[in-house]
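Chemist: below is the sequence, then the predicted model.
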Amino acid sequence: MTMLPDLFSFAYVPNWYIQLDELAALALPEPWRFRDPDYSTKNPDNPILERYIHSIFKKQVIDYNTAKRRETTADQLHVENEFVCFHTGLYTRRYKAIYGCFDRNKRKDSLLDWYFRGFADEMAPCLKYVNPLPQKPHYDMAQYGVNYNPEWPIRVNIDHILGDPENFSRLPESVRDAKNLPLLLETAVELARRWAVVEPSIVVPQGYQGRVQYLLPVCLTDMENPDLAMTLTVMDGYYLGNTCLTLEMAYLNARLLARPAAAWLTELVA
């Protein structure tokens with residue numbers, strides 16, 4: 001059975017923002033909005049949580065659909081005739097796992113197969129007979145070790161970053177017309193690499209297409225404040241910098257793995 005990876009295409013979801021508020025109250029306390037957001041959103045209270053749940057559900061469904069062995073699909077989704085659930089990757093204050101739960105959709109005004117009933121911890125009555133429970137979202141660790149190696153060189157794909165409209169638009173406006181922009185970007189990444197040698201904790205892992213990459217803070221206009229993040233893909237003895245992200249994008253991607261602890265990301269949220 002192939003599942004649709006978009007939550008709203010998979011199920012009828014009533015009172016979505018109320019559901020998110022209840023999830024925020026159920027989970028360990030965490031800031032779920034940006035202090036000074038780049039863009040306004042329909043959900044001003046917990047837009048980070050909303051993006052997180054959509055992304056985690058999509059990942060779990062894709063992993064379910066592409067599992068090589070059918071017996072392992074229960075790791076991502078528990079699917080019965082009348083009930084589906086998935087692990088959100090979040091936990092209660094008593095460190096109980098939180099699940100998203102669905103019933104069969106019986107609404108006559110909706111053609112979707114499933115109805116989202118809400119979020120619940122592992123002790124909820126609706127999960128009493130589910131065994132085993134789905135596992136926490138899993139990302140394949142980097143091929144050459146779990147931890148970032150600050151001694152590895154970084155090769156920056158300058159032509160791609162400056163030639164791609166999306167990447168280029170993420171650069172600070174004040175430097176986009178600089179004649180020495182390629183050199184400026186290369187130098188900023190090298191300085192960030194040296195910073196990480198002294199302080200490895202500034203490098204943050206992110207989830208991307210089911211695998212782990214790293215995020216390196218890059219300062220282009222102010223040596224004390226990063227302007228963007230460079231994504232680092234693990235190669236054979238070096239890292240490839242192929243994409244730059246806004247700081248908010250970096251936070252959202254990093255949160256898929258864990259709550260970020262690096263100051264250059266935590267200062268973004270309130």
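Modeler: Alright, I've got the coordinates.
Chemist: what distance do you get for the residue nearest to residue 237 when sequence neighbours are not counted to residue 190?
Modeler: Using CB to CB, 6 or more residues apart in numbering and skipping residues adjacent in sequence, the residue nearest residue 237 is residue 152, 6.4 Å away. Every residue, glycine included, has its C-beta placed from N, CA and C. Separation of residue 152 from residue 190 (CB to CB, to the nearest Å) stands at 13 Å.
Chemist: tell me who's in contact with residue 77.
Modeler: 3, 60-61, 64, 84-86, 134 (CB atoms under 8 Å, 6 or more residues apart in numbering).
Chemist: which of those fall in strands?
Modeler: If you go by DSSP state E, those have 84-86 in strands.
Chemist: for the helix or strand encompassing residue 231, the distance to its chain's centre please.
Modeler: Secondary structure assigned from DSSP states H and E places residue 231 in strand 228-234. Offset of strand 228-234 from its chain centre (CA atoms, centre = their mean, to the nearest Å): 14 Å.
Chemist: now the strands for the chain?
Modeler: Assigned by DSSP E, the strands in the chain fall at 11-12, 77-79, 83-91, 97-104, 114-121, 154-156, 204-208, 211-218, 228-234, 239-245.
Chemist: which of these has the lowest mean pLDDT?
Modeler: Lowest mean pLDDT within the strands of the chain: strand 204-208, at a mean of 89.
Chemist: quick one: strands adjacent to it?
Modeler: strand 211-218 (antiparallel) (DSSP bridges).
Chemist: extract the C-alpha trace of the strand it pairs with and format it as CSV.
Modeler: Taking C-alpha atoms only, strand 211-218 is exported to CSV below (Å, rounded to 0.1, in the frame of the first residue of the first chain):
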residue,chain,number,x,y,z
ARG,A,211,20.5,11.7,5.4
VAL,A,212,22.7,13.9,7.6
GLN,A,213,24.5,17.0,6.4
TYR,A,214,26.2,19.8,8.4
LEU,A,215,25.4,23.5,8.6
LEU,A,216,28.3,26.0,8.9
PRO,A,217,27.6,29.6,9.9
VAL,A,218,29.1,32.0,7.4
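Chemist: in this structure, which spans are helices?
Modeler: 7-10, 16-26, 47-66, 158-163, 165-169, 181-198, 247-255, 263-266 (DSSP state H).
Chemist: buried residues of stretch 182-195, list them for me.
Modeler: Buried positions in stretch 182-195, judged by neighbour count with 16 or more other CB atoms under 10 Å: 185-186, 188-189, 192-193, 195.
Chemist: with distance to residue 47 and pLDDT added, can I get the residues you listed in TSV?
Modeler: As requested, the buried residues of stretch 182-195 are arranged in TSV below (distance: CB to CB, whole Å; pLDDT from 0 to 100):
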residue	distance to residue 47	pLDDT
185	29	97
186	34	96
188	29	97
189	29	97
192	28	97
193	32	96
195	30	96
